[in-house]
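Chemist: Just need the structure, nothing else, for what follows:
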Amino acid sequence: MGLELNHIEEDGVDVFYRINGVGNKPAILFIHGLAGDSRFFHNQLRYFGNSYKTIAIDLPGHGRSSYISGQTIEIYNKSIETVLKKENIDSYILAGHSMGGVICIENYLRHKDKIKAMILISTSSTIPVSKTLIDSSINDFNKFFNKMLPRIFHKKAGIFILAAQKNITKEQKKIVTGDLKLCSEINYSDQLSEITIPVLLVANKFDRMIPSYMTEDMKWKIRDSKFVVFNDEGHVPFFENSGEFNMEIETFIKSIL
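Modeler: Below is the predicted model of the structure:
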């Protein structure tokens, strides 16, 4: 099986996802963060698809998935459950980036018996989003986005700024603002102690979106967890430093299977 773009429709919402690989081992499911989509995990789909069924989802309102007028953790988790059902997956490893990491925690709380491990990337139990940041996305989105992208992408940020300015739609701007509002309300600090599966926490040391110490702090509440930090900037280690990232993930997965 090669890399494919699939989709499923439920309750009027088309959910697209990229999938690669086969195998009897637990599948690996990647969940993107705010303003992201499944394309960000291209290198992971290629790499881990050689040994595992590997899936990356476009959450509703992101990538190719249908636009929605409101975003909730419930809606995002339902899209994950819909894809898992279609692919007949009842045992899986969750990997989530930033906002996607919190979505993974919620999914774990719902399906503890199915999830074998989690990989939480550049995330925290609370996401540092202020009202000022939300207001700036509403009042002057282009200025807001131009300020945020260099913090997200350390390498070749200018290329992403130009692409974003050219392609982003009014609906996508609303999705970004909606995700910011959602993130500002998230708090899973009290639920971390309920996580009993192996967890790998990954961050860049000089991340300016979610400071690495916030990711590391989760280690003290999740009993079976390990923290790995890369001596780098940027908010997307899996995208800008995929080689080293993939090796760490592979070592972790092999240690738990």
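Chemist: residue ranges for the strands of the chain, please.
Modeler: Here the chain has its strands, by DSSP state E, at 4-10, 13-20, 27-31, 54-57, 92-97, 115-121, 199-206, 225-233.
Chemist: who touches the residue nearest to residue 130 when sequence neighbours are not counted in this structure?
Modeler: Using C-beta to C-beta, 6 or more residues apart in numbering and skipping residues adjacent in sequence, the residue nearest residue 130 is residue 184, 7.3 Å away. (Glycine included, C-beta is placed from N, CA and C.) Contact partners of residue 184, counting by C-beta atoms under 8 Å, 6 or more residues apart in numbering, are 127, 129-131, 134.
Chemist: cool, and residue 94?
Modeler: 29, 31, 104, 107-108, 115, 117-119.
Chemist: could the residues you listed go into JSON lines alongside distance to residue 5?
Modeler: Below are the contacts of residue 94 laid out as JSON lines (distance: C-beta to C-beta, whole Å):
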{"residue": "29", "distance to residue 5": "16"}
{"residue": "31", "distance to residue 5": "17"}
{"residue": "104", "distance to residue 5": "22"}
{"residue": "107", "distance to residue 5": "22"}
{"residue": "108", "distance to residue 5": "27"}
{"residue": "115", "distance to residue 5": "25"}
{"residue": "117", "distance to residue 5": "26"}
{"residue": "118", "distance to residue 5": "25"}
{"residue": "119", "distance to residue 5": "23"}
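Chemist: among these, which two are most distant?
Modeler: 31 and 117 (14.0 Å; C-beta to C-beta).
Chemist: So for those two, which sits in the more crowded spot?
Modeler: Between residue 31 and residue 117, counting by other C-beta atoms under 10 Å, residue 31 is the more crowded of the two (28 against 21).
Chemist: Quick check, residue 122 in contact with residue 235.
Modeler: Yes - using C-beta atoms under 8 Å, residue 122 makes contact with residue 235 at a distance of 5.4 Å.
Chemist: so what sits against both of those two?
Modeler: By C-beta under 8 Å, 6+ apart, the residues touching both residue 122 and residue 235 are 98, 204, 207, 209-210.
Chemist: farthest pair in these?
Modeler: 98 and 204 (11.7 Å).
Chemist: Scan the shared contacts of residue 122 and residue 235 and report the most crowded one.
Modeler: Neighbour counts for the shared contacts of residue 122 and residue 235 (other C-beta under 10 Å) peak at residue 98, which has 28 neighbours.
Chemist: Find the residue closest to that residue in space, skipping its chain neighbours.
Modeler: In space, residue 98 is closest to residue 33, 3.1 Å off (C-beta to C-beta, 6+ apart).
Chemist: Within its local environment, how many residues does the one you found see?
Modeler: Around residue 33 there are 28 residues (other C-beta under 10 Å).
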